[in-house]
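[1] Here is a sequence with its predicted model. Questions after.
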Amino acid sequence: MDRPVRNALVALLSLLAGCGGPTVAPRPTTPVGIPDSAAARHEAIDALGHRAWAAMLAGRPTDLLYGDGDLEVLLADDAMARVAARRLALPDRLGIEPVRLSHPLESAEYAGICLQGARAEPPGGPLGLLSEAWVVDRVLVIGRRPTGRRIAAWLEGVFVYSDTGFAAIDLERVEEPRWEHSDLEIAPCDLSIRNDLPEIAR
């Protein structure tokens, strides 16, 4: 893809900013693989959990998306084109009223996150990443009331780790939060941070 066409594609992505979240500051410069340190992995996962909770609480799950201009340092040209096309349909695909996401969470606090589909994704693979990255397919974000009652919701998409942390290049589905979600007990987690359990059960 020559430079003028690439510039036009970036401009198109910028026009779709209404579907995306605010640009992360500082902006990412490269995808990043799974950290060697357990502490670094824990920090990255917890940061994603807090960010997902804040986005849901605001009723704006698209706040989890990388800014449109950030994609050019993460994805090859053809992958950028695919993402641009998918983002056009994002409002219809998600389709939940913001209040139905935010209102149930207002009486709870962030309590953890469960990751599914966590893996090292190679460069040049199906996602079109420019270098190897830590990728996650689904996150279950968890909240808890002081009484112990729990709430959770799945967010599905393509969450990619970069030098600024996790964000999504695309979102496929956002679930309406549910009290005492059945997956709090039965869902297997590739990785998780769980503060929603009673102290005696941890």
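    All right, it came through fine.
[2] Which strands border the strand or helix carrying residue 111, and is each parallel or antiparallel?
    Secondary structure assignment for residue 111, by DSSP states H and E: strand 109-116. In its sheet, strand 109-116 lies beside strand 133-144 (antiparallel), strand 191-194 (antiparallel), with partners assigned from DSSP bridges.
[3] any idea which of those is most buried?
    strand 133-144 (a mean of 24; mean count of other CB atoms under 10 Å). Where you see a C-beta, it was placed from the backbone N, CA and C, and this is true even at glycine.
[4] from the chain's centre, how far out does that one sit?
    A distance of 7 Å separates the centroid of the chain from that of strand 133-144, by CA atoms, centre = their mean, to the nearest Å.
[5] what's the answer for stretch 52-66, then?
    Centroid separation for stretch 52-66 versus its chain: 8 Å, with CA atoms, centre = their mean.
[6] now do stretch 170-177
    Its chain's C-alpha centre and that of stretch 170-177 lie 10 Å apart, by CA atoms, centre = their mean.
[7] Which helix runs longest in the protein?
    helix 38-57 (DSSP state H).
[8] Give me the buried positions along that helix.
    Residues 41, 44, 45, 48, 49, 51, 52, 53, 55, 56, 57 are the ones in helix 38-57 that count as buried (16 or more other CB atoms under 10 Å).
[9] so which of the strands paired with strand 109-116 gets nearest residue 124?
    In terms of CB to CB, the element of these nearest to residue 124 is strand 133-144, at 11.7 Å.
[10] tell me the mean pLDDT over that closest one?
    Here the mean pLDDT over strand 133-144 is 97, rounded to a whole number.
[11] now the very next helix or strand once past that strand against helix 38-57, angle please.
    Beyond strand 133-144 in the direction of the C-terminus, DSSP H and E gives the next helix or strand as strand 150-162. Between the axes of strand 150-162 and helix 38-57, defined by axes from the mean of the first three to the mean of the last three CA atoms, to 10 degrees, the angle is 120 degrees.
[12] For whichever helix or strand comes after strand 150-162, which outside residues touch it?
    Per DSSP H and E, strand 150-162 leads on to strand 165-174 as the next helix or strand towards the C-terminus. Residues outside strand 165-174 that contact it (CB atoms under 8 Å, 6 or more residues apart in numbering) are 21, 24, 28, 44-45, 47-48, 51, 56, 61-62, 64-66, 70-71, 74-75, 83, 86-87, 90, 93-94, 96, 101, 127, 134, 136, 153-160.
[13] And stretch 113-128, how far out from the chain middle?
    Relative to its chain's centre, stretch 113-128 lies at 12 Å (CA atoms, centre = their mean).
[14] what do you get for stretch 177-186?
    Between the mean C-alpha location of stretch 177-186 and the chain-wide mean there is a distance of 19 Å, by CA atoms, centre = their mean.
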